[in-house]
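Undergrad: Model the following, please.
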Amino acid sequence: MESLVIGLVLYSAETQEILSDLAAKFSVDTFSDEKRDGTASTAKAEPGVFDVTTATYGAKPGPVTQALAKAWNDACASPSASIVVVPSGTYKLREASFKGPCKAPIEIHVQGILQAPTDGSKLTKKDTWVGFEHVNMLSLSGGGNFDGQGALSWSKNDCNKNKNCKSNAINLRFNFITNSTVQDITSLNSKNFHMKNNISCHIRSFT
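TA: Residues are numbered from 1 along each chain as shown. As a prediction, this is how the structure comes out:
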C-alpha cells in the first residue's frame with residue numbers, strides 16, 4: 001500500500017526525518033485491531049503526514065482547534081501509519097479530544113506551542129483541556145509545549161481547603177491508551193495537574 005499524504009507536495013528535510021523515524025518505530029508488516037463486527041482488520045503500516053498548516057486544514061499561528069481536530073480525524077481513519085504535525089509557532093487551542101480507535105499507528109508531533117484559553121470556563125469539559133481516549137499505538141512527541149495558561153485559574157481555586165471544590169482542567173488526560181509513548185513534550189502552567197494517566201492505560205514511556 002502506498003503512503004498516504006494529505007496536503008503536502010514536498011517534504012522538508014525535517015519532515016522526511018520524522019517520517020523515517022515513524023516508519024522505523026512501527027516497522028511491522030501489519031497493524032491489527034478489531035472492526036466493529038469483531039473481525040480482525042490489518043493494514044500496511046506506511047506513514048502519511050497530516051500537517052495542520054497546509055491548505056487542507058488551514059491553520060496558521062493563531063487559532064488551531066478546528067484544523068487539529070480535522071487532521072486527527074483524517075489521520076485516525078487512514079489505514080496507514082500517520083503523523084499529525086503542528087509546526088513551530090504559537091497556536092490557540094480552545095480544547096481537543098483525540099478519540100479512537102484508529103486504524104493504524106498514529107503520532108501527534110508538536111513542534112510549536114499550543115495555548116489553552118486563560119479562562120477555564122470556556123472549556124466544554126471543565127476538567128480536561130487535551131484528552132486522548134481509546135487509542136492503540138499512539139505517540140505524542142516533537143519537543144513542543146502544551147501551555148495551560150493557568151495563572152488566572154490558580155487564584156480562583158480553593159481545592160487545598162475545600163474538598164467539594166470544582167476541579168480545574170488538567171492539561172493532558174489519557175483514558176484507555178495502550179502500547180503508546182509520550183516523549184519530548186513539555187506541559188506548562190496547567191490549571192490543575194499537568195498529566196493524568198487515568199483509566200486502563202498502558203503507556204510505555206513518559207519522558
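Undergrad: what about this protein, any weak spots by pLDDT?
TA: Within the chain, the ranges that satisfy pLDDT under 70 run 1-47, 55, 58-60, 159-160, 196-207.
Undergrad: helix or strand right after the strand or helix carrying His134?
TA: Counting by DSSP states H and E, the element that carries His134 is strand 128-136. Remark: after strand 128-136, the chain's next helix or strand is strand 138-141, criterion DSSP H and E.
Undergrad: Paired strands for that following strand, with orientation please.
TA: strand 106-110 (parallel), strand 170-182 (parallel) (DSSP bridges).
Undergrad: Next, the angle strand 128-136 makes with the first one.
TA: Same thing as strand 106-110. Using axes from the mean of the first three to the mean of the last three Cα atoms, to 10 degrees, the direction of strand 106-110 lies 150 degrees away from that of strand 128-136.
Undergrad: can I get the CA coordinates of strand 106-110 in PDB?
TA: C-alpha atoms of strand 106-110 as PDB (Å, rounded to 0.1, in the frame of the first residue of the first chain):
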ATOM      1  CA  ILE A 106      -0.700   7.400  14.900                       C
ATOM      2  CA  GLU A 107       1.700  10.200  16.100                       C
ATOM      3  CA  ILE A 108       1.000  13.700  17.100                       C
ATOM      4  CA  HIS A 109       4.200  15.700  16.600                       C
ATOM      5  CA  VAL A 110       4.000  19.100  18.200                       C
END
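Undergrad: any idea which helix or strand comes after that strand?
TA: Beyond strand 106-110 on the C-terminal side, the first helix or strand identified by DSSP H and E is strand 113-115.
Undergrad: Let me know which of the strands paired with strand 138-141 is tucked in deepest.
TA: Per residue and on average, the most neighbours among the strands paired with strand 138-141 fall to strand 106-110, with a mean of 25 (mean count of other Cβ atoms under 10 Å). To be clear about C-beta, it is placed using only N, CA and C from the backbone, and glycine gets the same treatment.
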